[in-house]
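[1] What follows is a predicted protein model with its sequence.
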Amino acid sequence: MKHQIVESDITVIGGGLSGVSAAISAARLGKRVALVGNRPVLGGNSSSEVRVWVVGATAHGMQRFARESGVIGELYVENQYRNPEGNPIHWDEVVFDAVRAEPNIQLFLNTDVRSVQTDDRDGEPFIHSVVGWTMGSEIETTFLSPYFIDATGDGLVGDRAGAEYMLGREAKSDFGEDWAPEVADREFLGSTILFYTKDTGKPVRFVAPDSAKDISTTPIPESRIIRSGDSGAHYWWIEWGGELDIVHENERIRDELRSVIFGIWDYIKNSGRFDAETLDLEWVGSMPGKREYRRFVGDHVLTQNDILEQRDFDDAVAFGGWSIDLHPVEGMYGTVAGAHQRYSNGIFGIPFRCYYSRSVPNLLMAGRDISATHVAFGSTRVMATCAVGGEAAGTGAALALDLGVQPRALAPDHAADLRQLLLRQDASVFGVRNEDPLDIARTARVSASSTLTTLDSQPDDGSTVRLHRLDHDLGVLLPVDPQLDSVTVLLSTAVDTSLEVSLWTTGKRQNAVPVHQELRSVIAVPGSEGAQWVTIPLSWTPSEPENVVVVFEANPHVSIELTDAPAPGVLALAHQPEDDGDANVAVSHDEPIVQWPAHILRGWGARLRVHPPTAAYDVAKVAGGYQRPYGGPQMWVSAAGPATRDEWVLLDWDEPKTVTEIRLVFDDDVDVELNTLHHHRSPHVVFPQLVRDYAVEGRTAQGWETLVTETGNRRRHRVHDVRPSSPIEALRVSITATNGDAHARIVAVRAYE
């Protein structure tokens, strides 16, 4: 047996998306990272071994402006470009390439950590090292570092280190959660194995293996939806093991799941109830995708109430938006819906205090083992949310190393520094304004070639318009900055009628659903042969910029004209109070997110004119702004498109600056859901809103000097090392082309000396 010792600044155990994000974020901050995974591929449950699609705060398009940025955002966008068919093999390589691109990461695949060595320091266990065994290579490795991140999912490292954790379901009285059981128990969300099918184009018979379960003897045919054309994660409800020990009974759970898969396929192929003659099984998973096990206790335990009330935390370092998604403990054998879901009104913050152990000082957590109750975990467990937490944990470990403190000291003493560092990396934080003291762009005078000042949704060349009859209420989300006087809408009606319109605020600046009605107006509309512009007085001046929803109430005599080229931050919301949705899922129809689904009209907005002119797209937002939608789109948008003329943003200083790094953040429309296996498909492999061709110039005493020239850009966050010949007095970002959008857009410009 060969033995080796690997010393790093940070050791990350777990090669899923949370571990990958933790490792990449720390490595980019200059830290030496050992990334240790016990599988031959990266990606965890999202890999080709398990094939669960990656979901997160977008909640399959239910939430607005919720797609994650940072590391997982980069992976999403790269996969959209390289893997438009959603092939899980290609996704493996997208993740693998992202890790291989970081020279500070040492990667150890097929390496199973089985033991943890701790020292006693002031009565607390302190991790000294972990030992892993690399299968196939027969190498034993001792990993040494000041900080360790448990991204194993099951929480193996924390358990071996003696960290305090929770198992099963807490009682309702423990945290005041009305979705928790009256009495605590050891019941879990079960595990799942998936399968893929293919159409061979010729008849294929299926002879069931001896292990196949006769599902006609179970509740499955009556309580679950089975369709011959579905495969992959459509069968997420093939779930079992919630009444067992998920880890120690893993092999039994796997055998039961596979027996049901072959039983379902036998039922599809041989029951005579399905059109499946030419279908064949292409792939069946061999390892269960686990949902739940240990959850370690930090200085804060995230609860149901934190999520549904969208509580604000001074140390919020990540966000979620997936529903609280709880499943019956019987799993696929349950006779109730396979999932019960409750939504917050928008994305919610997760504090850093959930990402480290309160009992093991140098242990951080990332993934489904973070500090949360069973109910809250029902939302935080999904992989994109796990990944943004991984980035927060990796960044936190890097900052703690720089400051010479334990992670627990960051929340009370350095939370602002941590949040600024995450924002600099374009990580998934919201409601955080750029106050980075090192960013000299904040001290510059900012101007632009032009700025969109009119919320006037007129169709551009190549855009499409259509009529939308008001059979149900129609909501239109608008940014109000600084005030609203009236809205003029283009509508059609053949008869004299009245239009009832109300204005609603959203409760939180990150939200995009009507929560509080503020104003109401009734307008008489005469019948006419063609479309007409109708002005609705709606006077509203918020204390700070915010989103409002203008609701046009149902009137089947009236149709409103929609365009597929709405202004940034403008959405159309269709009111559907009793949408059945997925019969395998039970939702609460009184929740605004469910009542006002965005995906029905996603990409469309009403033809309207808003008065007075808006500052929602002012160029000042690129320096010292929020960097993602928050009470408005939070970006600069040009008035004229790059196809018409070059557009630019100029930063001007009073004194010359020795700039060495430029960071640019472009708009990649975070309202659009992306999915690794394309549960929802976007028609674009590159977002049209992204700037494609641009240059960065610096003005020295000798004149303008080109520092960066880029063509064919397809990424949101670009970091450029620059070396001007002498200090610069001004910086100009010139845009000559987008990837299709009619306006140039920049979210942030940062400059560092």
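    Looks like it came in fine.
[2] pLDDT score for Asp178?
    For Asp178, the model assigns a pLDDT of 96.
[3] Looks like it contacts Gln304 (just checking).
    Yes - counting by Cβ atoms under 8 Å, Asp178 does reach Gln304; the two are 7.4 Å apart. Backbone N, C-alpha and C define where each C-beta goes, glycine included.
[4] which one of these two has more residues nearby?
    Counted by other Cβ atoms under 10 Å, Asp178 and Gln304 do not tie: Gln304 has more neighbours, with 25 against 10.
[5] quick one: contacts for the more buried one?
    The neighbours of Gln304, taking Cβ atoms under 8 Å, 6 or more residues apart in numbering as the test, are Phe175, Glu177, Asp178, Trp179, Ala180, Ile324, Thr373, Val375, Ala376.
[6] make it 7 Å
    Residues near Gln304 by Cβ atoms under 7 Å, 6 or more residues apart in numbering: Glu177, Trp179, Ile324, Thr373, Val375, Ala376.
[7] Of the residues you listed, which is the nearest to Val36?
    Using Cβ to Cβ, Ala376 comes nearest to Val36 of the contacts of Gln304, at 27.8 Å.
[8] Confirm that the closest one lies within a strand, as I assumed.
    No - read with DSSP: H, G, I helix; E, B strand; the rest coil, Ala376 is helix and lies in no strand.
[9] correct me, but it touches Thr303?
    Yes - with contact defined as Cβ atoms under 7 Å, Ala376 reaches Thr303; the gap is 5.2 Å.
[10] Counting neighbours, go ahead and name the busier of the two.
    Ranked by neighbour count (other Cβ under 10 Å), Ala376 and Thr303 place Ala376 first, with 30 against 20.
[11] Report how many residues lie close to the closest residue to Gln341 other than its chain neighbours.
    Residue nearest to Gln341 in three dimensions, not counting chain neighbours: Ser323, with 3.7 Å by Cβ to Cβ, 6 or more residues apart in numbering. When neighbours are defined as other Cβ under 10 Å, Ser323 has 26 of them.
[12] and Ser323, what is it in contact with?
    Ala59, Gln341, Arg342, Tyr343, Ser379.
[13] burial count for Pro556?
    So Pro556, with other Cβ under 10 Å, has 11 neighbours.
[14] err, Arg445, not the other one
    12.
[15] low pLDDT regions in this protein?
    457-462, 577-581, 641-644, 678-680 (pLDDT under 70).
[16] In it, mark out all the helices, start to finish.
    Here the chain has its helices, by DSSP state H, at 17-28, 70-82, 88-100, 156-161, 172-175, 220-223, 250-270, 304-308, 374-380, 383-403, 410-413, 415-424, 592-595.
[17] which one of the ones you listed lies closest to Leu677?
    Using Cβ to Cβ, the helices of the chain put helix 88-100 closest to Leu677, at 6.6 Å.
[18] which residues sit against that closest one?
    Counting by Cβ under 7 Å, 6+ apart, 20, 23-24, 35, 41-43, 46-48, 51, 75, 78-79, 82-83, 105, 107, 676-677 sit against helix 88-100.
[19] buried ones in that helix?
    Buried residues in helix 88-100, counting neighbours by 16 or more other Cβ atoms under 10 Å, are found at Pro88, Trp91, Asp92, Glu93, Val94, Val95, Phe96, Ala98, Val99.
[20] residues contacting Thr451?
    Tyr617, Asp618, Val619, Trp636, Ser638, Ala639.
[21] quick revisit: can you redo the buried residues of helix 88-100 as a markdown table with distance to Tyr752?
    As requested, these are exported to a markdown table (distance: Cβ to Cβ, whole Å):
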| residue | distance to Tyr752 |
| --- | --- |
| Pro88 | 39 |
| Trp91 | 34 |
| Asp92 | 35 |
| Glu93 | 32 |
| Val94 | 29 |
| Val95 | 29 |
| Phe96 | 30 |
| Ala98 | 24 |
| Val99 | 26 |
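[22] Widest-spaced pair of the residues you listed?
    Pro88 and Val99, at 17.1 Å, using Cβ to Cβ across the buried residues of helix 88-100.
[23] if we can go back for a sec, list buried residues within the contacts of helix 88-100.
    When the contacts of helix 88-100 are checked for burial by 16+ other Cβ under 10 Å, the buried set is 20, 23-24, 35, 41-43, 46-48, 51, 75, 78-79, 83, 105, 107, 676-677.
[24] Look at Met1 and say how many residues are nearby.
    Met1 sits with 6 neighbouring residues when counted by other Cβ under 10 Å.
[25] for stretch 79-95, the distance to its chain's centre please.
    Distance of stretch 79-95 from the chain centroid (Cα atoms, centre = their mean, to the nearest Å) equals 17 Å.
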